[in-house]
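> Pasting the sequence and the predicted model now:
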Amino acid sequence: MNKHSDNHIVPYRLYIQVLAGLIVMTILSVAITKINLDTLTVFAAILLASIKSALVLTFFMHLKFDNKLLQILVISVFLLVALVLFITFLDYNFR
Amino acid sequence: MSNLNAVSFREEQGRYKGIFAWIFSTDHKRIGLLYLYSIVSFFLIGVLLGAAMKLELLAPGKTVMDPATYNAIFTLHGVIMIFLVVVPGLPAVFGNFMLPIMIGAKDVAFPKLNLLSWWIYVFGAIIALSSLFMGGGPPDTGWTFYAPYAFKTNTNMLPAVLGAFILGFSSILTGINFIVTIHRLRAPGMTWFKMPLFPWTLYGTGWIQILATPIVGITLLMIVGERVLNIGFFDPALGGDPILYQHLFWIYSHPAVYIMILPAMGAISEIIPTFANKSIFGYKAIVISTLAIAFVGYFVWGHHMFTSGMSGTALYTFSLLTFIVAIPSAIKVFNWVGTLHKASIQLETPFFWAASFLFVFMIGGLSGLALGALATNVHLHDTAFVVAHFHFIVFGGVGFAFMGAIHYWFPKIWGRMYNTRIATSGWIIFFIGFCTLYLPMFFLGVTGMPRRYYDYVENFHGPNIVSTIGSWVLILGLVIILTNLIRSAYKGEKAGKNPWGGRTLEWTVDSPPTLENFEEIPVIDRGPYDYRKNPES
């Protein structure tokens, strides 16, 4: 648990790289709407948004440096949301 | 320190006096009791509404009220009982009071947040019930607020929906508080698998409260958006999808059933080993099944929607998952029964409640499997069978566990003992009333009586009479139980620290506990139900 309070010096370069990645993905998520992906449209938007959230959580919110238990809990929550979405689409995609 | 601990939390002089000493107190025990008094008050209103419905169903045609009033009453009954009584129920009352003591802490992790959650609860309740006093009257949609009717009714939908939305925040705050408390404030030596089962179930519940409640919150806001701003989310006339509403509603409301039932199972897991004088059978299996219920419970919401027009793939998936979620519940039941095997059982009132919990919970659970199967569901959907089923689970499961818990922890909370003969008589009458009230509804449902109808054909008359008489017997039992408990809280015999011979930490502190519960935080070196070493009690 003490690990949480440890200081982690993260180089600015990494933050800038992550920021660049986030901007690229934002542009990509707008650009992708021009392509007709049919039933995968929503999936593509959610996928990109999830990758962006994962980057923010991992680097900006320091989850990468947090203790294992918290990492597992956060990953489980995302897995849960993914499963809920997946099951919901078992209805919409097969109607 | 010793000075602080000299008096019980009730006699403790804080900054405020009188009622303010309660409503501004951040002591987890006082907040637990604030919840208890609020919840019991709402429960009694809900019971009266339920009794009014049963009175209307005493005979076909109009008996005591018109159809519109009946619709409003069953909606209010549902809203009050679900959002104001059973969802906060055990976690808010016994969770708040007992959790810190059971894990060896002085309070919850965020005491002020805890008080705030009670205030939000009261505020949400006032908003939800304000529709009663507005022109147009309370909503008549049923507690599920199904689209598209919820957007067309002229009754006051918005206060009820906003009230439920606000109540959600209270639930989330309680969940966060409990999870952090369990992670951070367990006594030294209390590893995860040395934690009693009631805190374990509160932990599972906390996660559901945090993760599922926001979904219903946003859904209820979407209703507001649709009604006020005409945005087409759910109304087909505006390009929305009504089934999406059902999905979003039940993505929360099914896990909410586990918010209700998990702590109930936790309370039963505390009562049974104490009165069996025996270690609980399969502690780890119960812990794992608690977490499994909390997890799998997220994925079964569609079984409320089998006749809604969902895709076949979704139907099979939800039916299969529903059967899977029954497994961990059954594991718990086997473990409780296993604990009783060859036990030297103390036949006291809390045990009677726990034993009858097993009985009614099994009936509720097994009838749930009939509803979880696709073919039978088509026949039984929206009939009185469903009403009987969920009352066996929610009232039978949660209600009986709540009654068991209050009789179990009564000496700890009030420091006095109740009259056990009257308490047991109350239990017998309540139990008979409960079965007489709800069992006929299974038969009515199978023979085709729809739920939420104020009228019925002559064929259904007999079982409806029996059911209504059952409601009177149940209320008689309830009056006996409450009168006994209220009288005993003032005049009962003084209770010692450990009147039942329990092994968990709350039985090592004073009755009622002092402000900070423990003079010294205990160091834990044994499991929570260790009856073999027979430590001093």
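Here it is on my side, so go on. Residues are numbered from 1 along each chain as shown, chains lettered A, B, ... in the order given.
> in what helix or strand does B:Pro100 lie?
Element membership of B:Pro100 [criterion: DSSP states H and E] is helix B:96-102.
> Ok, B:Ile413 next?
Here B:Ile413 sits within helix B:400-414, counting by DSSP H and E.
> what's the answer for A:Asn36, then?
Per DSSP H and E, there is no helix or strand for A:Asn36.
> Using CSV, write out every CA atom in the helix holding B:Ile413.
Output of helix B:400-414 as CSV, limited to C-alpha atoms (Å, rounded to 0.1, in the frame of the first residue of the first chain):
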residue,chain,number,x,y,z
PHE,B,400,-36.7,-12.0,6.7
ALA,B,401,-32.9,-11.4,6.8
PHE,B,402,-33.6,-7.8,8.0
MET,B,403,-35.9,-9.1,10.7
GLY,B,404,-33.3,-11.8,11.6
ALA,B,405,-30.6,-9.2,11.7
ILE,B,406,-32.5,-6.7,13.9
HIS,B,407,-33.4,-9.5,16.4
TYR,B,408,-29.8,-10.7,16.3
TRP,B,409,-28.1,-7.3,16.8
PHE,B,410,-30.8,-5.8,18.9
PRO,B,411,-29.0,-6.4,22.2
LYS,B,412,-25.8,-4.9,20.7
ILE,B,413,-27.5,-1.8,19.3
TRP,B,414,-29.8,-0.9,22.2
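> On the C-terminal side of that helix, identify the next helix or strand.
Per DSSP H and E, the first helix or strand lying C-terminal to helix B:400-414 is strand B:416-417.
> Pull out the buried positions in the helix or strand just after that following strand.
Using DSSP H and E, the helix or strand that follows strand B:416-417 in sequence is helix B:420-446. Buried residues in helix B:420-446, counted by 16 or more other CB atoms under 10 Å in any protein chain shown: B:420, B:422-427, B:429-431, B:433-446. Every C-beta, even on glycine, is put in place using the N, C-alpha and C of the backbone.
> Between helix B:400-414 and helix B:420-446, find me the angle.
For helix B:420-446 against helix B:400-414, the angle by axes from the mean of the first three to the mean of the last three CA atoms, to 10 degrees is 160 degrees.
> what helices or strands is helix B:420-446 leaning on?
Applying 3 or more CB pairs under 8 Å, 6 or more residues apart in numbering or on different chains; DSSP states H and E, one finds that helix B:420-446 makes contact with helix B:349-372, helix B:374-380, helix B:384-390, helix B:400-414, helix B:461-491.
> Tell me how far the second one lies from the chain's centre.
So the one you mean is helix B:374-380. Helix B:374-380 sits 27 Å away from the centroid of its parent chain (CA atoms, centre = their mean, to the nearest Å).
> and if you look at the fourth one?
Relative to the centre of its chain, helix B:400-414 is centred 14 Å away, using CA atoms, centre = their mean.
> quick one: low-confidence parts of chain A?
Counting by pLDDT under 70, the low-confidence segments of chain A come to A:1-7.
> tell me which parts of it are close to chain B?
Chain A has residues A:77, A:80-81, A:83-84, A:87-88, A:90-95 near chain B, with proximity defined as CB under 8 Å from any CB of the partner chain.
> Select only the buried ones of the residues you listed in ChimeraX?
In ChimeraX, this line selects whichever of the residues of chain A next to chain B come out buried by 16+ other CB under 10 Å:
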select /A:80,84,87,88,90,91,92
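> Out of the residues of chain A next to chain B, list just those in helices.
Using DSSP state H, A:77, A:80-81, A:83-84, A:87-88, A:90-92 are the members of the residues of chain A next to chain B that sit in helices.
> what would those look like in JSON lines with distance to B:Gly396?
What follows is these, written out as JSON lines (distance: CB to CB, whole Å):
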{"residue": "A:Val77", "distance to B:Gly396": "32"}
{"residue": "A:Leu80", "distance to B:Gly396": "29"}
{"residue": "A:Val81", "distance to B:Gly396": "32"}
{"residue": "A:Leu83", "distance to B:Gly396": "30"}
{"residue": "A:Val84", "distance to B:Gly396": "29"}
{"residue": "A:Ile87", "distance to B:Gly396": "29"}
{"residue": "A:Thr88", "distance to B:Gly396": "31"}
{"residue": "A:Leu90", "distance to B:Gly396": "32"}
{"residue": "A:Asp91", "distance to B:Gly396": "31"}
{"residue": "A:Tyr92", "distance to B:Gly396": "36"}
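> What strand or helix carries residue 31?
Just going to use chain A. If you go by DSSP H and E, A:Ala31 is part of helix A:12-31.
> sorry, should have said chain B
Going by DSSP H and E, B:Ile31 is part of helix B:28-56.
> B:Pro263 in helix, strand or coil?
helix (DSSP: H, G, I helix; E, B strand; the rest coil).
> so how far is B:Ile176 from the residue nearest to it when sequence neighbours are not counted?
Closest residue to B:Pro263 apart from its sequence neighbours, by CB to CB, 6 or more residues apart in numbering or on different chains: B:Leu90 at 3.7 Å. Remark: distance between B:Leu90 and B:Ile176 (CB to CB, to the nearest Å) = 18 Å.
> Who has more neighbours out of these two?
For B:Leu90 versus B:Ile176, the count of surrounding residues by other CB atoms under 10 Å in any protein chain shown is larger for B:Leu90: 29 against 17.
> What number of residues are in the vicinity of B:Glu520?
The burial count for B:Glu520: 8, using other CB under 10 Å.
> Show the contacting residues for it.
B:Glu520 makes contact with no residue under the criterion CB atoms under 8 Å, 6 or more residues apart in numbering or on different chains.
> And for B:Ala292?
Listed by CB under 8 Å, 6+ apart, the contact set of B:Ala292 reads B:327-328.
> for the helix or strand where it lies, which positions count as buried?
Assigned by DSSP H and E, B:Ala292 belongs to helix B:283-296. For helix B:283-296, burial by neighbour count (16+ other CB under 10 Å) applies to B:283, B:285-287, B:289-296.
> and what of stretch B:62-73?
B:65, B:69-73.
> got it, and stretch B:521-529?
B:524, B:527-529.
> May I see the residues you listed organised as JSON lines, with secondary structure and pLDDT added?
Listed next are the buried residues of stretch B:521-529 as JSON lines, based on DSSP: H, G, I helix; E, B strand; the rest coil; pLDDT from 0 to 100:
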{"residue": "B:Ile524", "secondary structure": "coil", "pLDDT": "94"}
{"residue": "B:Gly527", "secondary structure": "coil", "pLDDT": "90"}
{"residue": "B:Pro528", "secondary structure": "coil", "pLDDT": "92"}
{"residue": "B:Tyr529", "secondary structure": "coil", "pLDDT": "92"}
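> JSON lines for the residues you listed, including distance to B:Leu58?
Shown next, in JSON lines, are these (distance: CB to CB, whole Å):
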{"residue": "B:Ile524", "distance to B:Leu58": "55"}
{"residue": "B:Gly527", "distance to B:Leu58": "52"}
{"residue": "B:Pro528", "distance to B:Leu58": "48"}
{"residue": "B:Tyr529", "distance to B:Leu58": "47"}
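> and which of those is nearest B:Gly338?
Closest approach between these and B:Gly338, by CB to CB: B:Tyr529, at 12.9 Å.
> quick one: that closest one and B:Ile271 touch, right?
No: if you go by CB atoms under 8 Å, B:Tyr529 and B:Ile271 don't touch, sitting 11.6 Å apart.
> Quick check: the gap between B:Gly124 and B:Ile82.
To B:Ile82, B:Gly124 is 13 Å away according to CB to CB.
> now swap in B:Leu320 and tell me
B:Leu320 is 27 Å from B:Ile82, by CB to CB.
> Just list the residues touching the closest residue to B:Leu474 other than its chain neighbours, thanks.
Spatial nearest neighbour of B:Leu474, excluding adjacent residues (CB to CB, 6+ apart): B:Gly433 at 3.1 Å. Counting by CB under 8 Å, 6+ apart, B:Gly433 touches B:470-477.
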